[in-house]
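Colleague: Here's my sequence, what's the structure:
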Amino acid sequence: MKRLSLFWICWGCIAFAFISLNGCDGGEPALKIDLSERVPLRLTPEAHVVTYAYLPQYAHTESYRRHRRLVQYLRKATGLNIRQIFPDTFSQFVNLVGQGKIDIGYCNPFIYITIADRYGADAIARPIEPGGNDQFRGQVICRDDNRAIRTVADCRGKSWIAVDPVSSGGYLYPLGLFMAHGIRAEDFSEIAFAPGPGGKQEKVVLAVYSGAYDIGTIREGALAVLSGRIDLDRIRVIAGTPWYPGWVYAARAGLDASVVQMLRKALLALSISDAAGRDILEPAHIIGIVAAHDQDFDSVRQLAADVGLASQQ
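Modeller: Below is the predicted model of the structure:
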């Protein structure tokens with residue numbers, strides 16, 4: 001009986017293979033391929049790329065949304081092959097500038113003095129933010145229901161989450177504010193920094209919103225990014241820092257002078273008063289662009305020295 005079963009199993013396998021082979025054939029003749037005949041593949045090299053990077057204070061999607069039209073405009077206005085790239089962290093942004101992999105960077109003042117003093121980057125233009133100010137400031141926030149914190153002095157002994165060790169509005173400026181009130185870094189129960197790539201401003205707000213930390217520090221304007229995602233009435237601004245120089249467009253050391261000049265000219269030509277300029281500037285939260293010089297940021301250098309955060313560290 002076992003032999004009979006084995007016979008039918010073997011016969012079935014042979015029949016299945018025969019049917020499969022005939023089905024695969026489909027009556028079409030086999031196609032012979034002569035691998036000895038080859039056509040050389042010619043690749044057209046891509047035109048020189050000028051890289052543009054937005055310091056990742058927000059999520060990459062927000063960075064792209066804000067500066068997509070600006071990058072498109074610069075590409076058209078200069079004829080340069082400009083491509084926006086997306087560093088994951090503040091430190092990666094700095095390192096890429098040092099490696100010559102970011103040609104034009106849009107960054108905060110503390111990052112600027114770092115790449116200027118360390119790698120020779122140079123300021124070429126500054127944005128004017130909504131409200132007509134070419135300066136900006138940081139904010140100290142807490143949950144609105146946190147009755148233990150009313151003033152800057154109440155922050156002593158509390159847990160603090162900041163944006164990044166090299167964030168201007170999210171760390172340097174608030175640290176200067178705390179020290180002006182006699183509160184040193186060691187006077188906090190904890191100082192943490194927003195984790196992971198991108199979206200650091202949002203992460204600080206969400207950490208405070210969830211109650212994970214007592215206070216957070218962000219740049220002014222960051223709360224609006226979370227509008228519609230959380231109940232912003234549950235966040236209270238305790239204080240704002242003094243005003244300092246705002247963000248800046250910086251060119252890496254060694255970038256061709258003619259390229260820098262074309263980019264500066266195109267940036268300064270943008271105006272919120274005409275429809276085309278408005279379509280480019282409004283998504284970037286900018287109402288104008290003015291010329292910038294390295295000495296414009298000396299007050300930031302002085303603050304960094306005063307609080308013990310030298311720009312070359």
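
Colleague: Could you report the neighbour count for Arg229?
Modeller: Look at Arg229: counted by other C-beta atoms under 10 Å, it has 11 neighbours. In short, each C-beta sits where N, CA and C put it, glycine included.

Colleague: should've said His60
Modeller: Neighbours of His60 using other C-beta under 10 Å come to 16.

Colleague: what about Thr89, how many neighbours?
Modeller: Neighbours of Thr89 under the rule other C-beta under 10 Å: 17.

Colleague: do the same with Asp145
Modeller: Residues within reach of Asp145, counting by other C-beta under 10 Å, total 8.

Colleague: Check Ala305 too.
Modeller: 11.

Colleague: What of Ile183?
Modeller: For Ile183, using other C-beta under 10 Å, the count is 19.

Colleague: separation between the residue nearest to it when sequence neighbours are not counted and His48?
Modeller: Excluding its sequence neighbours, the residue lying closest to Ile183 (C-beta to C-beta, 6 or more residues apart in numbering) is Arg156, at 5.1 Å. Note on Arg156: its distance to His48, by C-beta to C-beta, to the nearest Å, is 53 Å.

Colleague: Look at these two and report which has more neighbours.
Modeller: Neighbours per residue (other C-beta under 10 Å) separate Arg156 from His48, with Arg156 holding more: 15 against 10.

Colleague: Which parts of the stretch 1-150 of the chain are strands?
Modeller: 49-54, 81-85, 104-107, 122-128, 135-136, 138-143 (DSSP state E, counting those that start in this stretch).

Colleague: Average pLDDT for the last one, rounded please.
Modeller: Regarding strand 138-143, the rounded mean pLDDT is 98.

Colleague: List the buried residues for stretch 252-262?
Modeller: Buried residues in stretch 252-262, counted by 16 or more other C-beta atoms under 10 Å: Arg252, Leu255, Val259, Val260, Met262.

Colleague: re the thing from before, hey, which of the strands of the stretch 1-150 of the chain is tucked in deepest?
Modeller: Stretch with highest mean neighbour count among these: strand 104-107 (a mean of 26; mean count of other C-beta atoms under 10 Å).

Colleague: any idea of the mean pLDDT for that strand?
Modeller: 97.

Colleague: again, but for stretch 300-313
Modeller: Here the average pLDDT along stretch 300-313 is 83.

Colleague: Then stretch 206-222?
Modeller: 96.

Colleague: Figure out how far stretch 149-156 is from the centre of its chain.
Modeller: Its chain's C-alpha centre and that of stretch 149-156 lie 31 Å apart, by C-alpha atoms, centre = their mean, to the nearest Å.

Colleague: Sorry, wrong one. I was asking about stretch 205-222.
Modeller: 18 Å.

Colleague: Look up the closest residue to Leu175, ignoring the ones flanking it.
Modeller: Leu175 sits nearest to Val307 (C-beta to C-beta, 6+ apart), 5.1 Å away.

Colleague: And that neighbour, how far from Gly176?
Modeller: From Val307 to Gly176 the distance is 6 Å (C-beta to C-beta).

Colleague: cool, Cys142 as well?
Modeller: Taking C-beta to C-beta as the measure, Cys142 falls 19 Å from Gly176.

Colleague: how about the residue nearest to Leu175, what does it touch?
Modeller: By C-beta atoms under 8 Å, 6 or more residues apart in numbering, the contact list for Val307 reads Leu172, Leu175, Gly176, Met179.

Colleague: per-residue confidence for Ile33?
Modeller: At Ile33, pLDDT is 48.

Colleague: Share the number of residues neighbouring Ala180, please.
Modeller: By other C-beta under 10 Å, 13 other residues sit near Ala180.

Colleague: measure it to Phe110 for me?
Modeller: 17 Å.

Colleague: before we move on, the earlier item: dihedrals phi and psi, the residue nearest to Ile183?
Modeller: With angles defined as degrees, to the nearest 10, Arg156 sits at phi -60, psi 130.

Colleague: Verify the stated contact: it with Asp187.
Modeller: Yes: between Arg156 and Asp187 there is a contact at 5.1 Å, judged by C-beta atoms under 8 Å.

Colleague: need the contact list for the spatially most central residue of the chain.
Modeller: For the chain, the residue sitting closest to the mean C-alpha position, by C-alpha atoms, centre = their mean, is Pro56 at 1.6 Å. Pro56 is in contact with Ser63, Phe86, Pro87, Asp88, Thr89, Phe90, Phe93, Pro197, Gly198, Gly199, Lys200, counting by C-beta under 8 Å, 6+ apart.
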